[in-house]
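Engineer: Pasting the sequence and the predicted model now:
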Amino acid sequence: MFAKLSVILIALIATTLWAQPSENSKKPEKINTAHRTHLVLPNIIVLDDQNQEHRFLDLLQSQVALVNFVFTSCVTICPVLSATMQAIEKQLQDQLGKGVILVSISVDPAKDTPDKLRAYAKKFNAGQYWYWLTGRPSEVNQLLKAFGMPTGRPEDHPPIILVGNVDTDNWLRWIGIPLPENIIEAINILAKDNLGK
């Protein structure tokens, strides 16, 4: 009996040690959890949650933009994505509107009116530099495709977050939900325009 317990104990210890990353395998830069990408984005007209029109690229010009994709009737991944954005917004108060903005784009533009987006944004206490965008479905779908998002059923959209600068075409993409500090690090690097240096 003692021999069996010893074997089990040794196996557990070995498994625990094997599961821990070695010092050499740890990545010192959290930004490495994202993938660099290049985008060709259309300068379509979008509507924000205040029913104001914007040219999309004009809105992002001279800004580092944190972009995610949601729809207001979502009860699964969208609230988690939005809560992540909310946490980042709180930590970046001093930078918002001064070179950094947050952007949430509806993947259900046919149903997500500015009024619905405004009500949804209130749930997350979104400030004035967190833009919630919708628009004509044909144009918004063009924008979604440019970001690499599917344009089928809204509930099938994957959790994707991007941080980028349209002026330099430096973009980082996460598939899944990264830690807020990883995203903030990327924003700060892009804000200094020294990505890859």
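Structural biologist: Good, I have the coordinates.
Engineer: if you go through this protein in chain order, where are the helices?
Structural biologist: 2-19, 56-60, 77-91, 114-122, 137-146, 180-191 (DSSP state H).
Engineer: which regions of the protein lie under the pLDDT threshold?
Structural biologist: Within the chain, the ranges that satisfy pLDDT under 70 run 1-32, 193-197.
Engineer: could you redo the last one with a cut-off of 80?
Structural biologist: Along the chain, the model assigns pLDDT under 80 to residues 1-33, 193-197.
Engineer: what number of residues lie near Q86?
Structural biologist: Number of residues near Q86 (other CB atoms under 10 Å) recorded here: 20. The C-beta positions use only the backbone N, C-alpha and C, and glycine is treated the same way.
Engineer: Leaving out the residues flanking it, which one is nearest to it?
Structural biologist: Spatially, and ignoring its direct neighbours in sequence, Q86 is nearest to F124 (4.5 Å; CB to CB, 6 or more residues apart in numbering).
Engineer: thinking again about what came up before, need the helices of the chain in a markdown table (columns: distance to V107).
Structural biologist: Putting those into a markdown table (distance: least, CB to CB, whole Å) gives the following:
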| stretch | distance to V107 |
| --- | --- |
| helix 2-19 | 36 |
| helix 56-60 | 15 |
| helix 77-91 | 9 |
| helix 114-122 | 12 |
| helix 137-146 | 6 |
| helix 180-191 | 20 |
